[in-house]
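# Build the 3D model from these lines:
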Amino acid sequence: MITDVGAAGFPPSRRELLKSTTAFMAAAGAVSTAAAAQPPTNTATQQAESANRPASSLQHKKRLVGYMLAHEQFTVPELVRIGDWATHAGFNLLATSDHLQPWQANEGHCGQAWVTLGAVGERTNPAWIGTTVTCPTLRYNPAVVAEAFASLSLLYPGRVFLGVGSGESLNEEAGTGIWPKWPERWDRLIEAVGIIRSLWSGERVAHKGKYYNVEAQLYDLPPQPIPLLTAANGRKSMRLAGQHGDGLITDPRSWKQYKSEWEGGAKDAGKNPADMPVLIEQFVVVGDKNEAQRAAELWRFLPKGFKKYYNVADPAEIQKQADNEVPRDQVFSEWPVGTDPAIHIEAINKLFDSGATVVNIHSGQSDQKKVIDFYASSVLPKLGIRS
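Residues are numbered from 1 along each chain as shown. Here you go, the predicted structure:
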């Protein structure tokens with residue numbers, strides 16, 4: 001069967017959306033394990049593989065605490081080790097940034113995210129793994145993204161999610177020479193999401209759209225639906241993310257300001273936002289103000305990252321502008337900073353109470369083991385998080 005996914009909004013079918021959302025929410029304990037464990041309908045072989053797959057312990061958890069693997073700050077081998085430490089410590093989701101270049105030149109690194117996920121997945125069972133976020137519009141063709149994540153899901157069935165977003169100049173313009181205005185970037189993202197979902201369905205896709213022409217079929221399909229989460233941090237993008245994603249990826253401030261927009265977008269598309277995962281990235285520092293200041297030097301762009309610097313292609317220029325425009329203390333003014341576990345527990349519980357289902361911990365400190373060990377001994381046990 002050939003599916004023409006057209007050029008417009010590409011809302012997923014209600015059935016496919018429910019399947020994808022159920023798969024992810026089962027990991028957070030928000031739906032029954034039985035509902036999430038329905039066998040896939042791709043091929044007899046895949047059905048058999050799915051039936052024989054051991055049940056993930058994550059299916060019994062109500063909430064997830066993740067750990068960020070920052071390609072900007074560490075090499076791929078280091079990230080694999082960090083991921084290993086994090087899952088043994090009790091973190092049950094690992095997210096990776098997906099960049100061509102770091103945000104700031106002084107961060108110093110930028111390995112390929114999908115390579116990292118392949119290596120991390122082998123060493124970190126049963127953690128969920130995925131990107132926050134991949135841009136499937138310019139640097140990557142959406143058909144290639146569909147193939148890559150289908151392949152990852154065959155390696156690690158039921159453990160892969162895909163986070164998507166509209167991109168940054170330091171990746172898309174730097175890698176392709178193309179950097180359209182915001183409305184086109186989101187139109188491209190919506191079109192790309194439709195293509196990815198159609199290819200994951202197993203049908204042959206004949207798509208002649210505004211930005212992409214795809215005539216192809218995936219022959220190795222995901223053994224079960226891959227949750228597709230959409231990143232957003234502004235009023236318009238939050239509503240669009242609610243309309244077109246299976247869930248949301250955002251930051252604490254955006255969630256507080258625009259939660260109603262995301263919920264409204266989901267409802268506009270006939271979805272119940274209460275059934276959709278919300279991943280919020282929370283920066284933390286385990287240490288004193290000096291430690292926070294050192295971390296802030298590497299992440300100084302954050303307060304203006306998605307207001308201004310996302311339009312700058314050169315990491316050295318972003319670093320220069322951020323150094324001149326963003327006071328260092330402003331960077332960590334809303335981070336939990338300290339070695340009192342109560343500070344960190346309060347921040348996480350506040351996000352959970354606000355509706356987050358995944359709190360993704362991100363530390364800009366050089367000593368990641370220190371952060372992970374602290375959370376393992378003093379924070380995660382008090383949240384009821386089990387490895």
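# check contacts around the residue nearest the centre of the chain.
Compute the mean C-alpha point of the chain, and by CA atoms, centre = their mean the closest residue is Thr132, 2.8 Å away. Contacts for Thr132 (CB atoms under 8 Å, 6 or more residues apart in numbering) come out as 68, 95-98, 163, 229, 231, 249, 279, 281, 360. For every residue, glycine as well, the C-beta is placed using N, CA and C.
# Sitting in strands, which of the residues you listed do you find?
68, 95-96, 163, 229, 231, 249, 279, 281, 360 (DSSP state E).
# Neighbour count added to those residues, as a markdown table?
What follows is the ones in strands among the contacts of Thr132, written out as a markdown table (neighbours: other CB atoms under 10 Å):
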| residue | neighbour count |
| --- | --- |
| Met68 | 26 |
| Ala95 | 28 |
| Thr96 | 27 |
| Gly163 | 23 |
| Leu229 | 29 |
| Ala231 | 27 |
| Ile249 | 28 |
| Leu279 | 27 |
| Glu281 | 20 |
| Asn360 | 23 |
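# got TSV for these, with distance to Gly118 too?
Below are the ones in strands among the contacts of Thr132 laid out as TSV (distance: CB to CB, whole Å):
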residue	distance to Gly118
Met68	18
Ala95	15
Thr96	11
Gly163	17
Leu229	20
Ala231	22
Ile249	21
Leu279	21
Glu281	22
Asn360	20
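# Output those in TSV; the columns should cover distance to Pro183 and pLDDT.
Shown next, in TSV, are those (distance: CB to CB, whole Å; pLDDT from 0 to 100):
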residue	distance to Pro183	pLDDT
Met68	30	98
Ala95	27	98
Thr96	28	98
Gly163	21	98
Leu229	22	98
Ala231	17	98
Ile249	21	98
Leu279	25	98
Glu281	25	98
Asn360	28	98
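# Per-residue pLDDT of the residue nearest to the centre of the chain, please?
Note for Thr132: predicted pLDDT of 98.
# Now it. Its backbone dihedrals?
phi -130, psi 80 (degrees, to the nearest 10).
# where's it relative to Thr87, distance?
17 Å (CB to CB, to the nearest Å).
# likewise Ala231?
Ala231 is 23 Å from Thr87, by CB to CB.
# same deal with Gly66?
Taking CB to CB, one finds Gly66 at 10 Å from Thr87.
# Name the residues contacting each of those two.
Common neighbours of Gly66 and Thr87 (criterion: CB under 8 Å, 6+ apart): Leu94.
# neighbour-wise, which of these two wins?
The neighbour comparison of Gly66 against Thr87 (other CB atoms under 10 Å) goes to Gly66, with 25 against 22.
# Doesn't that one lie inside a strand?
Yes - under DSSP: H, G, I helix; E, B strand; the rest coil, Gly66 falls within a strand.
# For it, which non-adjacent residue is closest in space?
Distances taken as CB to CB, 6 or more residues apart in numbering place Leu93 nearest to Gly66, at 3.4 Å, with adjacent residues excluded.
# What of Leu155?
Gly121 (5.9 Å).
# quick one, what contacts that neighbour?
Contact partners of Gly121, counting by CB under 8 Å, 6+ apart, are 129, 152, 155-156, 159-160.
# redo that, cut-off 10 Å
With contact taken as CB atoms under 10 Å, 6 or more residues apart in numbering, Gly121 is in contact with 80, 83, 94, 127-129, 152-153, 155-156, 159-160.
# And for Ser169?
Ser169 makes contact with 101, 175, 178-179, 309-314, 318, according to CB under 10 Å, 6+ apart.
# Please consider this matter closed, and thank you.
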